[in-house]
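*Asks:* Okay, here's the prediction I keep looking at, along with the sequence it came from:
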Amino acid sequence: PARPLSAGARRRVRAAAAGRGRARPALAAAPLRCLPGAVPARPRLPHGPGLEGEERRRRQLLKNYQKWRIECPEISADLQPSSILGLLQAGYHGVLRSRDPHGSKVLIYRIGQWDPSLFTAYDVFRVSLITSELIVKEIETQRNGVKAIFDLQGWRFAHAFQISPAVAKKIAAVLTDSFPLKVRGIHLINEPLFFHPVFALIKPFLTEKIKQRVYMHGNNYLQSLTEHFPVSILPQEYGGEEVSIEELAKEWTDFIMASSDYLQSISLVA
């Protein structure tokens, strides 16, 4: 089961959300331009129905994210890298050096590197949130979104037991309408049969658009994966020509650690 926040941490989160006792603006009271993960200002674009609609959607996403962070302190209150350092050092997560041909940022997660006896599902999801907070500042990522590859080699029942309906709903909320990044594709590889009941738990909370962007490649994924990602950007372990996933994971871990001050500044707990 996920570890709850201590009583003191919960009080600090509530105080931050109410705007009391914080040197920086509290999340609940902050204007949209000051929200953690807020999209940096861009040059003023010409007016038009399509552009105005996109701007409204962007602002609504930011509002949704503001609300989600306050409601999910287990995941989002503490964004300091120290909270998930063991996962990072195990090589659980890496980011490709190059974008895909559509300009999307490509993220890789290796479930086999997650020890469920040490880290909860909330801890694991916090890794994604930390990365999202860092890459959302990139203009090209704002425009072209992200794609994720989940390597489910090593998925065990101990992992499945971590994904309760409450956790599934919180994960789905971010994938659909609670984070100002567009999810352009979710690619699952090496998924075992007993992963499917877990996905069935998450699926009802997803929008039809997101459901259509989920691809299950199975164990023989090399050909189908390269239909979506060129071999020039994939790591060697996945049939690509780039450096190993271990090296990519270390590079991204170093980048996250170098961003500690920024991540601390957007955390809701000290």
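*Replies:* It's in. Residues are numbered from 1 along each chain as shown.
*Asks:* alpha carbons only for contacts and neighbour counts from here, please
*Replies:* OK.
*Asks:* residues near residue 87, how many?
*Replies:* For residue 87, the neighbour count with other C-alpha atoms under 10 Å is 21.
*Asks:* Could you report the separation of residue 229 from residue 189?
*Replies:* 13 Å (C-alpha to C-alpha, to the nearest Å).
*Asks:* what about those two, which has more around it?
*Replies:* residue 189 (21 against 17).
*Asks:* Surely the more buried one and residue 218 touch.
*Replies:* Yes. Proximity of residue 189 to residue 218 meets the contact threshold set by C-alpha atoms under 8 Å, at 5.1 Å.
*Asks:* what about the strands in the stretch 151-270 of the chain?
*Replies:* 183-189, 214-218 (DSSP state E, counting those that start in this stretch).
*Asks:* Check which helices and strands the first one is in contact with.
*Replies:* In terms of contacts (3 or more C-alpha pairs under 8 Å, 6 or more residues apart in numbering; DSSP states H and E), strand 183-189 is packed against strand 146-151, strand 214-218.
*Asks:* at 10 Å instead, please
*Replies:* strand 105-110, strand 146-151, helix 165-176, helix 208-211, strand 214-218, helix 222-226 (3 or more C-alpha pairs under 10 Å, 6 or more residues apart in numbering; DSSP states H and E).
*Asks:* got the angle between that strand and helix 165-176?
*Replies:* 130 degrees (axes from the mean of the first three to the mean of the last three C-alpha atoms, to 10 degrees).
*Asks:* With the last one instead?
*Replies:* Computed with the same axes, to 10 degrees, the direction of strand 214-218 lies at 110 degrees from that of helix 165-176.
*Asks:* Which strands border strand 214-218, and is each parallel or antiparallel?
*Replies:* strand 183-189 (parallel) (DSSP bridges).
*Asks:* before we move on, back to that, what sits in contact with each of residue 189 and residue 218?
*Replies:* Counting by C-alpha atoms under 10 Å, 6 or more residues apart in numbering, the common neighbours of residue 189 and residue 218 are 151-152.
*Asks:* about what we covered before: I'd like the strands of the stretch 151-270 of the chain written out as CSV, with mean pLDDT and distance to residue 111 added.
*Replies:* Formatted as CSV, the strands of the stretch 151-270 of the chain follow (pLDDT from 0 to 100; distance: least, C-alpha to C-alpha, whole Å):
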stretch, mean pLDDT, distance to residue 111
strand 183-189, 96, 11
strand 214-218, 96, 14
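*Asks:* what would the ones you listed look like in JSON lines with distance to residue 234?
*Replies:* Converted to JSON lines, the strands of the stretch 151-270 of the chain look like this (distance: least, C-alpha to C-alpha, whole Å):
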{"stretch": "strand 183-189", "distance to residue 234": "13"}
{"stretch": "strand 214-218", "distance to residue 234": "15"}
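*Asks:* ok, the one residue sitting closest to the centre of the chain to residue 149 distance?
*Replies:* In the chain, the C-alpha nearest the mean C-alpha coordinate belongs to residue 128, at 2.9 Å (C-alpha atoms, centre = their mean). Distance, residue 128 to residue 149, using C-alpha to C-alpha: 12 Å.
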